[in-house]
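>>> got a structure for you, letters missing:
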């Protein structure tokens, strides 16, 4: 667990680091500008393998989770950050991890999150005639079906 201890020591002051099990660590990062540095450190200095980025829409923000694997320790580290609405954006990590290019493009296309500095944010999955500004994974409402029926 040497790499994990190095990570904790370096970033304890800017991230809430939670070991939820022997194999899962979550780093809750309150300042989105810190994400690039943390993910780059994991990849370049600790030799973590980039797995993917996931996005979850919440009421006032999107939660991005950068999943990195420290294979030698059998640990997955998820670097979590909130990206505020209505114009969500965060610095791209593609300058540090080229393999993040496609997943950033997918999240941009489906959720409308802008990855600042991305070298090629063009369409990846949607047809060419898809309307600009329409993002298929964005929720139209947070009301449950039951709540909508109760309002009628």
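Received the coordinates, thanks. Computed from a predicted structure; not experimentally measured.
>>> hey, let's count contacts and neighbours off CA atoms from now on
Noted.
>>> what bits of the chain have low per-residue confidence?
1, 144-152 (pLDDT under 70).
>>> helix, strand or coil for the closest residue to residue 92 other than its chain neighbours?
Distances taken as CA to CA, 6 or more residues apart in numbering put residue 115 closest to residue 92, at 4.7 Å, once the chain neighbours are dropped. Three-state call for residue 115 (DSSP: H, G, I helix; E, B strand; the rest coil): strand.
>>> Show the contacting residues for residue 115.
By CA atoms under 8 Å, 6 or more residues apart in numbering, the contact set of residue 115 is 89, 90, 91, 92, 104, 108.
>>> And residue 93, by the same measure?
Residue 93 neighbours (CA under 8 Å, 6+ apart): 36, 39, 40, 100, 118.
>>> For it, give its distance to residue 60.
From residue 93 across to residue 60, the span is 23 Å (CA to CA, to the nearest Å).
>>> likewise residue 109?
19 Å.
>>> got it, and residue 54?
Computed as CA to CA, the residue 54 to residue 60 distance reads 17 Å.
>>> okay, the two: which has more neighbours?
Per other CA atoms under 10 Å, whichever of residue 54 and residue 60 has more neighbours is residue 54, with 16 against 11.
>>> Show me what that one is bridged to.
residue 65 (DSSP bridges).
>>> Now do the contacts for the spatially most central residue of the chain.
Centroid check for the chain by CA atoms, centre = their mean gives residue 64 as the closest residue, at 2.7 Å. By CA under 8 Å, 6+ apart, the contact list for residue 64 reads 53, 54, 55, 56, 80, 81, 82, 83.
>>> repeat that for 6 Å
When contacts are counted by CA atoms under 6 Å, 6 or more residues apart in numbering, residue 64 is found next to 54, 55, 80, 81.
>>> Output those as TSV; include the columns distance to residue 129.
Formatted as TSV, these follow (distance: CA to CA, whole Å):
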residue	distance to residue 129
54	26
55	24
80	33
81	32
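>>> ok, so of those residues, who is nearest residue 139?
Nearest to residue 139 among the contacts of residue 64 is residue 55, at 12.6 Å by CA to CA.
>>> Next, find the distance separating that closest one from residue 75.
Applying CA to CA, the value for residue 55 to residue 75 is 21 Å.
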